[in-house]
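1. Below is the structure, and that's it, no one-letter string:
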């Protein structure tokens, strides 16, 4: 067999493999058209490597089968918990079937149906809550370490990234001390997000009786379906959720990023139970050592204040794209303004269309993205979408003081959400996400005040500036927009 014959054979084989994979993408995976065309582009124009890229990033059907059992088990755990509590069961039933079941003031009237929407995700609206929010890592981690030191019964952590650097070691050392005192300590981490973490990093914690396990088994290469959730629950009384992972860069100590601007919230009150149930569902999926759900992990809550809030989760383990649907609903409900902060902006057509309609309706829509991005292709894709929004009057900004990682959306000074979900296709459907939704004007206005302060650190992306971008920028923008469903 000649060298030329071998080359022809390999090319033909690669072409046939591409045809088969393209057929799978088109006919079997039920993707949206944008994602389908993006994968077809890769498979046809990157013959051999396209197969590998698809195998790692694009296997939707494998994802669906993997998490089908988790979805069912989570449902049974959640509703078993709800139905075991007669008072809670009645409250959830009220919120599910009656507008009158939602005890919000007249100023919340148009948000009532949005509040009920998330009952589909098992997220009931709670009222007895207290919130503290953080925009700088040092204050957030000082509060977290103090709460860890005061823990009496258990500490549950679920993080996408927990670095083996100075902050990571400090947190794990504090947890190890608590484990040695008899406090239950459980850490659930994403395997891909901690791929290069030393195998011995949790040795002392485990030796003292603590647990640290990956969310998904490392047996398989799974770039998608990352556990992007960031949850801490302490004694069933305190809960954290937001954008900060655990690592030195989140303290602004990594030169590449500089100052790190994020948003994280600390709850006391009823809504902590929703963070707890999410952690337990994820833990029982990943661990051989299941947690029996009982009153020990859901203690009675003292009165801490009035702050309507709920926790909404979405991902491959939920039936609906709950966070994305909530973003969409919030934008559609807005009457005055929509403020968004996100490090990655690559929305689907539904959310993009809602933002356009809002702006065309005279609503003040403003979006802040990083001016110094960590992923250039995402930045160029973001610019492509923002270019469309500039045409309809959306005001767009680049944050210049370090890196902004905050994932937040506020409407009309009445409702807001802070959590782990970016405004992109990956967070909408591929990753496991969790957001806190807040319906209390005074609290939302405080969060909005941070948004206004951030505007002072931004450069506005004007139509004039956007129209003068060079040919290379336009080319990279076009390519990035094409593959944005895969980013």
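-> That came through, no problem. What you see is a predicted model, and the numbers here were worked out from it, not measured in a lab.
2. all contacts plus neighbour counts: C-alpha atoms, from now on.
-> Fine.
3. Can you show me the strands along the stretch 251-400 of the chain?
-> 260-261, 264-269, 306-314, 337-341, 345-346, 364-370, 395-399 (DSSP state E, counting those that start in this stretch).
4. looking at those strands, which is buried most?
-> strand 345-346 (a mean of 28; mean count of other CA atoms under 10 Å).
5. How far does that one sit from its chain's centre?
-> How far strand 345-346 lies from its chain's middle: 13 Å, per CA atoms, centre = their mean, to the nearest Å.
6. do stretch 275-292 as well
-> 19 Å.
7. Over to stretch 329-342?
-> Centre-to-centre, stretch 329-342 and its host chain are 18 Å apart (CA atoms, centre = their mean).
8. what does it contact?
-> 110-111, 114, 354-355, 358, 363-370, 404-412, 422-423, 448, 451 (CA atoms under 8 Å, 6 or more residues apart in numbering).
9. just stretch 147-160 next, same as before
-> The contact list for stretch 147-160 (CA under 8 Å, 6+ apart) reads 174-175, 178, 182-190, 193-194, 226-235, 245-246, 279.
10. Buried members of those into ChimeraX, please.
-> Applied in ChimeraX, the following selects the buried portion of these according to 16 or more other CA atoms under 10 Å:
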select :175,178,183,184,185,186,187,188,189,190,193,194,226,227,228,229,230,231,232,233,234,235,245,246,279
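11. Scan this structure for its longest helix.
-> helix 60-84 (DSSP state H).
12. Buried ones in the following helix or strand past that one, by neighbour count?
-> For helix 60-84, the following helix or strand on the C-terminal side (DSSP states H and E) is helix 86-97. Across helix 86-97, burial judged by 16+ other CA under 10 Å covers 89, 91, 92, 94, 95, 96.
13. My guess is the first one contacts residue 82. True?
-> Yes: taking CA atoms under 8 Å as the contact criterion, residue 89 and residue 82 are neighbours in contact, 5.4 Å apart.
14. Now residue 208. Its backbone dihedrals?
-> Main-chain torsions, residue 208, degrees, to the nearest 10: phi -90, psi 10.
15. where does the closest residue to it other than its chain neighbours sit relative to residue 204, distance-wise?
-> Spatially, and ignoring its direct neighbours in sequence, residue 208 is nearest to residue 180 (5.2 Å; CA to CA, 6 or more residues apart in numbering). According to CA to CA, to the nearest Å, residue 180 stands 10 Å off from residue 204.
16. what does residue 149 give?
-> If you go by CA to CA, the gap between residue 149 and residue 204 works out to 17 Å.
17. So for these two, which sits in the more crowded spot?
-> residue 204 (17 against 13; other CA atoms under 10 Å).
18. and stretch 186-202, average pLDDT?
-> The average pLDDT within stretch 186-202 is 93.
19. Correction: the previous question concerned stretch 384-399.
-> 96.
20. pLDDT weak spots in the stretch 101-250 of the chain?
-> 101, 110, 218-223 (pLDDT under 70).
21. what ranges do the strands span in it?
-> Going by DSSP E, counting those that start in this stretch, the stretch 101-250 of the chain shows strands at 126-134, 154-159, 184-189, 211-214, 231-234, 238-242.
22. Residues touching the first one, excluding its own?
-> Strand 126-134 is touched from outside by 140, 262-271, 303-310, with contacts defined as CA under 8 Å, 6+ apart.
23. What strands line up against it, and which way round?
-> strand 264-269 (antiparallel), strand 306-314 (antiparallel) (DSSP bridges).
24. Which one of those strands lies nearest to residue 467?
-> Residue 467 lies closest to strand 264-269 among the strands paired with strand 126-134, at 35.6 Å (CA to CA).
25. Average the pLDDT values over that closest one and round to the nearest integer.
-> The model assigns strand 264-269 a mean pLDDT of 98.
26. Residue 447: neighbour count?
-> Neighbours of residue 447 (other CA under 10 Å): 22.
27. Determine whether the claim that it is in a helix is correct.
-> Yes: according to DSSP: H, G, I helix; E, B strand; the rest coil, residue 447 belongs to a helix.
28. please renumber so the chain begins at 19
-> Shifting the count to begin at 19 puts that one at residue 465.
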